[in-house]
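Engineer: Sharing a sequence plus its predicted fold:
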Amino acid sequence: MAGVDQLDQIFFEGVADGQLRVQQCSDCGAHQFYPRVVCKHCGSEQLKWISASGRGRVASFSVVRRGVSAEFEAPYIVALITLEEGVTMMSHVVDVEPEQVASGMAVRVAFRPVGGADIRPVFLRAEVS
Amino acid sequence: MDLSNVAIVGSFETDLGVVTDRGPMALGVQATLGAIADAGLQASAIDGLITCNSLVTPVMYHAEATAEYAGLTPGHCLSVGTGGGTTYTALRYAAAAIQTGLATTVVVSMADSMRSFMTRDRAMAVQSSSGHPLFEQPYGPTVPAYYALIARAHMDTYGTTEAQFAEAMVSSRAWAHLNPTAQYRERVTVDDVLASKPIADPLKLLDCSIVSDGGAAVVLTTLERARDLPHAPIVLKGYGEGHHYEHISQAKDLTKSAAADSGKAALAGAGIEPADIQLAQLYDCFSPALLIQLEDLGFCEKGAGGEFLASGATRPGGNLPVNTHGGMLSHCHPGNPGAIFGLTEAIRQYRGEAKERQLAHLEHTLLHAQGGIMSSHATVVLGRAN
């Protein structure tokens, strides 16, 4: 994949294995996403990778009615997902009608091709236990 | 730092809206030379030129190429790229160059032709370069969708409604209706906005800025030199910037922006409060951006931006005239230069040349612009020279 360095590669290898990997700082314990060479919270370089639970909530979303390109068939739901670990990532919410999505909705990760291209983490509506 | 020893002495706008006979470089040169003439100066007096690159036809050394085309040989050339915030960042660097003695008379000039000269390939390249290349772009967010995420968060947090966002365009068109150079001048209602084409929920077509061609430039010099020039000098009273993140997925708070920082710094520099501002020229790329700036710059309480817009305060006759030229929602939005027309309109207001839009009393103007997705913010306070 173009523009992917060694750190990013660890994330995408996780995706290939069905894992949502994020970094955790060994010094301050905070999580972060996207991958970095330093902890953005405390500056430590002692970072480890963990496999996130894949559970989170919709922080905000938009139903895109005019797609960015032919590969993206509108409508599709672009969302910011905040994971249980506290990090936020952009993704898609899939397998739901646009009217059913709401901020705060519980979601869980799945791995699907996005925009007719590579497999990426996306999110499904989760049953809340 | 005291900025009031630097003055704006020249201002010029090119043809705006749909301009098919001149491309970005030609418009930028016309703006540059027009502003120098407006200042009553010879080209030889210019020893600094600051521009922003064109998105439509980018060049490697933009300010240098502009100088060459215009026949200028300034001692200093700089191309600034801070997205939509470029105008005011460039203004501050021009002032800094003058204050430090690097230059004495500096032109800030920008133009682009997003409407008439954008090729399909280039449009795709610009669109696909917005957002994080690995962790945002692959999900196909459009620029309106980024702002839609902000709008939705504001609705969820503060109960803001789509009808309140729609008031941004109602206000913009009320002003643009009075401005012959505005690209879109027909008044609209909240219902018109709500019924316009869905783009990225909750935003519709009339929540989005327009696409235009055009350019403008201003000339800055020392207040001392300004005293000998034809126009009454307008001075920079305060300036501030704020940068909380670059990518929207990294924002700690979707509903509060670094405009709070930049605005606070600019107002403190000028020694005034939001209530002392008679004209606010804000960055209305999308309706939620305008609404949140009104809050973060202190014109209303946090969360009350929707009510404030709906009150009519920003429209002609209101307590806080906003974007009296019509802003980027209606007047002119050629891309990164968009905010410069907020500045040139403010200069027109100070000179008493705004005709039907003329404000009766104008001491302090607040100019605000932002780059990225509510990411990088720059605020300027203008005033009259003592």
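Structural biologist: Good, I have the coordinates.
Engineer: Could you chop the chain up by domain?
Structural biologist: You didn't pick a chain, so chain A it is. Split into domains by automatic domain parsing, chain A comes to A:6-51, A:55-125.
Engineer: Not quite, go with chain B.
Structural biologist: Looking at automatic domain parsing, the domains of chain B come to B:6-119+B:212-234, B:139-211+B:236-384.
Engineer: now check the longest one, is it near chain A?
Structural biologist: What that stands for is domain B:139-211+B:236-384. Yes: Domain B:139-211+B:236-384 is in contact with chain A by C-beta under 8 Å from any C-beta of the partner chain, via B:139-142, B:144-145, B:148-150, B:152-153, B:156, B:197-203, B:248-250, B:254. C-betas here are computed from N, CA, C, even on glycine.
Engineer: Could you dump the domains of chain B into TSV and include mean pLDDT, mean neighbour count and distance to B:V126?
Structural biologist: Below are the domains of chain B laid out as TSV (pLDDT from 0 to 100; neighbours: other C-beta atoms under 10 Å in any protein chain shown; distance: least, C-beta to C-beta, whole Å):
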stretch	mean pLDDT	mean neighbour count	distance to B:V126
domain B:6-119+B:212-234	96	22	5
domain B:139-211+B:236-384	97	22	8
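Engineer: what packs against the helix or strand encompassing A:F12?
Structural biologist: Element membership of A:F12, judged by DSSP states H and E, is helix A:6-16. Using 3 or more C-beta pairs under 8 Å, 6 or more residues apart in numbering or on different chains; DSSP states H and E, the elements in contact with helix A:6-16 are strand A:21-25, strand A:47-51, strand A:119-125.
Engineer: What residues of it count as buried?
Structural biologist: For helix A:6-16, burial by neighbour count (16 or more other C-beta atoms under 10 Å in any protein chain shown) applies to A:11-12, A:14-15.
Engineer: Look at residue 102 and give its secondary structure.
Structural biologist: Chain wasn't specified; assuming chain A. coil (DSSP: H, G, I helix; E, B strand; the rest coil).
Engineer: To clarify, I was referring to chain B.
Structural biologist: Per three-state DSSP, B:L102 ends up coil.
Engineer: That one and B:C77: what is the separation?
Structural biologist: 12 Å (C-beta to C-beta, to the nearest Å).
Engineer: Overlap of the contact sets of these two?
Structural biologist: B:G48 (C-beta atoms under 8 Å, 6 or more residues apart in numbering or on different chains).
Engineer: which residues sit against the host helix or strand of B:R122?
Structural biologist: Using DSSP H and E, B:R122 sits within helix B:120-128. For helix B:120-128, contacts defined as C-beta under 8 Å, 6+ apart pick out A:68-69, B:55-56, B:137, B:142-143.
Engineer: Report the rounded mean pLDDT for that helix.
Structural biologist: Helix B:120-128 shows a mean pLDDT of 80.
Engineer: Quick one: list the elements packing against the helix or strand following that helix.
Structural biologist: Following helix B:120-128 in sequence order, the next helix or strand is helix B:143-158 (DSSP H and E). Under the contact criterion of 3+ C-beta pairs under 8 Å, 6+ apart, helix B:143-158 touches strand A:55-64, strand A:76-83, strand B:198-200, strand B:203-204, helix B:287-296, helix B:305-310.
Engineer: Now do helix B:143-158 against strand A:55-64, angle only.
Structural biologist: With axes from the mean of the first three to the mean of the last three C-alpha atoms, to 10 degrees as the basis, helix B:143-158 and strand A:55-64 are set at 120 degrees to each other.
Engineer: any idea which helix or strand comes after helix B:143-158?
Structural biologist: Following helix B:143-158 in sequence, per DSSP H and E, is helix B:162-176.
Engineer: In PDB, list the C-alpha atoms belonging to that next one.
Structural biologist: Extracted in PDB, the C-alpha atoms of helix B:162-176 (Å, rounded to 0.1, in the frame of the first residue of the first chain):
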ATOM      1  CA  GLU B 162     -31.100  22.300  10.700                       C
ATOM      2  CA  ALA B 163     -33.300  25.400  10.400                       C
ATOM      3  CA  GLN B 164     -30.800  27.300  12.600                       C
ATOM      4  CA  PHE B 165     -27.900  26.200  10.300                       C
ATOM      5  CA  ALA B 166     -30.000  27.400   7.400                       C
ATOM      6  CA  GLU B 167     -30.000  30.900   8.800                       C
ATOM      7  CA  ALA B 168     -26.400  31.300   7.800                       C
ATOM      8  CA  MET B 169     -27.400  31.400   4.100                       C
ATOM      9  CA  VAL B 170     -30.400  33.600   4.800                       C
ATOM     10  CA  SER B 171     -28.100  36.200   6.400                       C
ATOM     11  CA  SER B 172     -25.500  35.800   3.700                       C
ATOM     12  CA  ARG B 173     -28.000  36.400   0.900                       C
ATOM     13  CA  ALA B 174     -29.600  39.300   2.700                       C
ATOM     14  CA  TRP B 175     -26.200  41.000   2.400                       C
ATOM     15  CA  ALA B 176     -25.300  39.700  -1.000                       C
END
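Engineer: Quick check: B:K355 vs chain A, distance?
Structural biologist: 37 Å (C-beta to the nearest C-beta, to the nearest Å).
Engineer: Over to B:T119?
Structural biologist: Applying C-beta to the nearest C-beta to B:T119 and chain A gives a distance of 15 Å.
Engineer: re the thing from before, quick one: the domains of chain B as TSV, columns for distance to A:R120 too.
Structural biologist: Converted to TSV, the domains of chain B look like this (distance: least, C-beta to C-beta, whole Å):
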stretch	distance to A:R120
domain B:6-119+B:212-234	26
domain B:139-211+B:236-384	7
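Engineer: what does chain A put close to chain B?
Structural biologist: A:1, A:3-4, A:8, A:33-34, A:59-69, A:71-72, A:76, A:78-80, A:88-92, A:98, A:103-104, A:114-115, A:117-118, A:120.
Engineer: change it to 6 Å
Structural biologist: Within chain A, the residues that sit near chain B (C-beta under 6 Å from any C-beta of the partner chain) are A:3, A:8, A:34, A:60, A:62-66, A:68, A:72, A:78, A:80, A:88-90, A:92, A:103, A:114-115, A:120.
Engineer: Return the set of residues that bridge with the residue most central in space within chain A.
Structural biologist: Nearest to the mean C-alpha position of chain A, by C-alpha atoms, centre = their mean, lies A:M89 at 4.4 Å. Here A:M89 sits in beta bridges with A:I81, as judged by DSSP bridges.
Engineer: I appreciate the help and will end here.
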